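S.K.: Would you be able to build a 3D model of this:
(2 chains)
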2 protein chains.
Amino acid sequence: MSESPCRRRCPALAVVGLAAALGALLAAVPLQAAAPKLAIADPLPSWNDGATKKSILAFIDAAVSDGNPAFVPPAQRIAVFDNDGTLWAEQPIYFQLAFAMDRVKRLAPQHPDWQTHEPFMSILGGNISGVLAGGEKSVAELIAATHSGVTTDEFAAVVQEWLATARHPRFKQPYDACVYRPMLELLAYLRGNGFKTWIVSGGGIEFMRVFAERVYGIPPEQVIGSMGRMRYDLRAGVPVLVKMPEVDFIDDGPGKPVGIQKFIGRRPIVAFGNSDGDQQMLQWTAAGDGKRFVGLVRHTDAAREWAYDRTSPIGRLDKALDEATAKGWTVIDMKRDWRKVFAFE
Amino acid sequence: MSESPCRRRCPALAVVGLAAALGALLAAVPLQAAAPKLAIADPLPSWNDGATKKSILAFIDAAVSDGNPAFVPPAQRIAVFDNDGTLWAEQPIYFQLAFAMDRVKRLAPQHPDWQTHEPFMSILGGNISGVLAGGEKSVAELIAATHSGVTTDEFAAVVQEWLATARHPRFKQPYDACVYRPMLELLAYLRGNGFKTWIVSGGGIEFMRVFAERVYGIPPEQVIGSMGRMRYDLRAGVPVLVKMPEVDFIDDGPGKPVGIQKFIGRRPIVAFGNSDGDQQMLQWTAAGDGKRFVGLVRHTDAAREWAYDRTSPIGRLDKALDEATAKGWTVIDMKRDWRKVFAFE
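M.R.: Model (predicted):
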C-alpha cells in the first residue's frame, strides 16, 4: 500500500472509530455521556428501492466488512466505469463528437480546403448524417483535425471553453451537467468506502480529464481513454507536449481490459458499462476470483432520457445484454431503477 | 479529489488531530490530563545532515504548510521517481537484463535454435559483453523472447519466482533488497505528507509492478514503465491478457514526460532521477509553475556502491548533470549525503 492507512477506511467508519475512542475514554472518567447516535442517511437517494439498489448496497457492505467472506482489502477496491451512456448521456451524438464538430466550425476560416473536403463539408453544412456516413475513417480524420497540432495545455483550454459555452440540444444545459445523478451518488459512495473509482472509456483521455475531477470527483490519473500520440518538444527552451494526429490507443471493446492492465495493473472488482463496447471489460472484471459486481446501465426511458439498445448506432447494447442475461450481471433499468436521472434535475 | 478527505493529511497530523480532540474533551471534564508530547523523530535517518537533506525537508515542509506561498494543494502533490539507479542499483547490469538472461537459460531447452543465434548464444555461453555488443536490436530481441507469449498473470509469477531465488552477484542479496534505504525513507515521508509517489522508469511496467508495492509501497497503478502490446483473448471462455512481442511504449528520455502525461495527466512537482534518460522528466517537472523539487542521484561511492557518470554505458549521467549545474537542480552525492545506502545494511 502506498497511501496512509487512514484512506483504507471510509469516513463514516473513521467517525465511528473516533466516537468509540471518545466513548472508551469517557467510560474511564467520572462523567456520564450518551454515545452519539449517528443517523445513517440513504447514500443513494436517486435510486428507487428495489432489487438493483439492494444488490449494490449489499455488495459494498460485504466488501468492506472485515470478517465477511466477501471482504476485499482496500488496495483491491478498484471500480471502473465507462463514461458515454454510463456516467453521462451519449445522445443524440457522443458529446465529444459535438465538441469536434463545433471545433471544425471554429477552425474553418483557417482551412479553406474544408469547404470541399469530407467530413468537414458535411459538418460545415450542418449535415450530421453525412459525417456519420463516412464511418470510422471519417471520424478518425475529424478527431485528428480537431484534437492534434496543439499542446496538451492548449487542448485542455479549448475543451474547457467549449464546456463553458456549448449547450446540449435537447436539455439546453452544459454538456457536463448532463451527467447521471444516480451514478454520481454511486461514485461518491464507493469512494467513501475506500474504493478507487476509475473511468475506462472509448472517449478521449485528454478530453475527459478536463471535467472528470470537477464533475465526477475522479482525478486525471484515474481516467483511462483513447489517445493520440504525443511528442515532447522544447519551444524556446520551454518544454511542451504536442498532441499528434496518430492514434496511440483505442480504449474500446477488447481494448478496455488492455487499458485496465496498462493503467491500473490489477483487475477491478466493480465495473459498470452500458454498451457492447463494454462487454470485454465486464467479462474481465467478472472472471476474477471472489465476488464481483458487474452492472449494465440500460437506456429504457424515452421520456426522461432515451430508449435504445440492440439497433442503436450509438451505444448499441446487444451482445453484452445477452451475456448479462446468461451470466446474471445486474441490468440497471433506467426507467425502473432511477428516481432522478440528471444532475441538473 | 476522488479520495476521502482523510488521505489528504499525513498520519502524524491525524494523530495530532485526535490528540487535540481528546484534549479539548478532557479540558471540558473535571479531569486534569497532560497533553501528550509527540516526539518528532528524524524522518530521513539514513540521510546525512547537510544542505541536501535540509533542502528536501524544507521543500516538503513548505508544500504542506497552509498559508505558505509554496503551499501545494494535496491533489497536486505528485512525486515521480526513476527506478534503475534511483530507487535500486543498476550495476553491474540492469536487474531486468539479469532477469532476462536467467530466463533465457531456463527456456533454452525449448529453443534449440538459440544455441546458434545471437544474442541467445552469448547469454548461454556466459558472454555478457557479447550480448551488449548487439546493441538495441539485441536487447529488443531478448526482451521479446523473455517477456512475451505468456499471459500477464503467468509473467508476474515468473518474475516473482526469480526475485525469490536470484541473488545479486556482488551483494549476494535478492535483487529487490538492493534498494536504497534513503529513498525508501523519502518515499514514505512524501506519502505521509499527502504526496502520491509514482515510478516513471525505462524498465518494464509489468516487471516492476511485481515488487513495487511490497518493496516501495507504490501500488501497480502508480507504476509507469516501458511496455509491450497486449492482446485480450478468451481461452475456453476464460479471459486472459497475452503479452505480445511488439513494443507499445518506451518510457525513457523524451518518453518520460509523455508517459507522465498519459498516465498521470498532470505535471509532477517533485522528480528524482539519476541519468540522462531522466533529463526530460526533470525538465518537464522543473518548468511547471510554482516551486518544484528536482533531484539527481549521483553515484559517487565506489566503496559502498559504484562510482560512475559521464562515460558509463549503464546509467550515463552527462547532459543531465550539466543541466542540473546550470539550473541549480539538487545533486544528491551518494557518498556525501547517504549515511546508509542499501535496505539490507
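S.K.: what residues does the stretch 101-250 of chain A put near chain B?
M.R.: By Cβ under 8 Å from any Cβ of the partner chain, the residues of the stretch 101-250 of chain A that approach chain B are A:152, A:191-192, A:194, A:196-197, A:205-206, A:209, A:213, A:216-223, A:227, A:230-232, A:234, A:238-239, A:241, A:248. Glycine gets a C-beta too; all of them are placed from N, C-alpha and C.
S.K.: What ranges does the stretch 101-250 of chain A have for its helices?
M.R.: A:120-124, A:128-133, A:135-147, A:152-165, A:181-192, A:205-211 (DSSP state H, counting those that start in this stretch).
S.K.: Kindly compare burial across these and name the winner.
M.R.: helix A:205-211 (a mean of 24; mean count of other Cβ atoms under 10 Å in any protein chain shown).
S.K.: elements contacting that helix?
M.R.: Applying 3 or more Cβ pairs under 8 Å, 6 or more residues apart in numbering or on different chains; DSSP states H and E, one finds that helix A:205-211 makes contact with helix A:152-165, strand A:223-235.
S.K.: Could I get the buried residue list for the helix or strand hosting residue A:320?
M.R.: For residue A:320, the host element (DSSP states H and E) is helix A:319-327. Buried residues in helix A:319-327, counted by 16 or more other Cβ atoms under 10 Å in any protein chain shown: A:320, A:321, A:323, A:324.
S.K.: Now the third one. Nearest residue, chain neighbours left out?
M.R.: In other words, residue A:323. Setting aside the residues directly before and after it, residue A:323 is nearest to residue A:279 in space (Cβ to Cβ, 6 or more residues apart in numbering or on different chains), at 6.3 Å.
S.K.: which ones are touching residue A:200?
M.R.: A:80, A:81, A:82, A:224, A:225, A:251, A:256, A:259, A:260, A:271, A:281 (Cβ atoms under 8 Å, 6 or more residues apart in numbering or on different chains).
S.K.: which residue does the stretch 101-250 of chain A bring closest to chain B?
M.R.: Using Cβ to the nearest Cβ, the single residue of the stretch 101-250 of chain A nearest to chain B is residue A:220, 3.0 Å away.
S.K.: ok, the closest residue to that residue other than its chain neighbours - contacts?
M.R.: Spatial nearest neighbour of residue A:220, chain neighbours left out: residue B:265 (3.0 Å); criterion: Cβ to Cβ, 6+ apart. Residues near residue B:265 by Cβ under 8 Å, 6+ apart: A:205, A:206, A:209, A:219, A:220, A:221, A:223.
S.K.: Residues contacting the one helix or strand residue A:272 maps to, please?
M.R.: Assigned by DSSP H and E, residue A:272 falls within strand A:270-273. With contact meaning Cβ under 8 Å, 6+ apart, strand A:270-273 is reached by A:59, A:77-82, A:86, A:183, A:186, A:190, A:195, A:200, A:278-279, A:281-282, A:284-286, A:292-297, A:320, A:332.
S.K.: Let's see which of the residues you listed end up in strands.
M.R.: Members of the contacts of strand A:270-273 lying in strands (criterion: DSSP state E): A:78, A:79, A:80, A:81, A:200, A:293, A:294, A:295, A:296, A:297, A:332.
S.K.: Just the pLDDT at the fifth one, thanks.
M.R.: The model reports residue A:200 with a pLDDT of 98.
S.K.: check contacts around the residue nearest in space to the middle of chain A.
M.R.: For chain A, the residue sitting closest to the mean C-alpha position, by Cα atoms, centre = their mean, is residue A:83 at 3.5 Å. Neighbour list for residue A:83: A:199, A:201, A:203, A:208, A:225 [criterion: Cβ under 8 Å, 6+ apart].
S.K.: Ok, residue A:262 next?
M.R.: Shown in contact with residue A:262 (Cβ under 8 Å, 6+ apart): A:224, A:249, B:205, B:227, B:230, B:248.
S.K.: I'd like the average pLDDT over stretch A:144-156.
M.R.: Stretch A:144-156 comes out at a mean pLDDT of 96.
S.K.: List of residues touching it?
M.R.: A:99-100, A:103-104, A:107, A:111, A:120, A:158, A:204, A:206-207, A:209-210, A:228, A:230, A:240-245, B:261.
S.K.: picking up where we left off before, comparing the helices of the stretch 101-250 of chain A, which gets the lowest mean pLDDT score?
M.R.: Note on the helices of the stretch 101-250 of chain A: helix A:128-133 shows the lowest mean pLDDT, a mean of 81.
S.K.: How far does it sit from its chain's centre?
M.R.: Centroid separation for helix A:128-133 versus its chain: 26 Å, with Cα atoms, centre = their mean, to the nearest Å.
S.K.: Also stretch A:174-189?
M.R.: The answer for stretch A:174-189 is 9 Å, by Cα atoms, centre = their mean.
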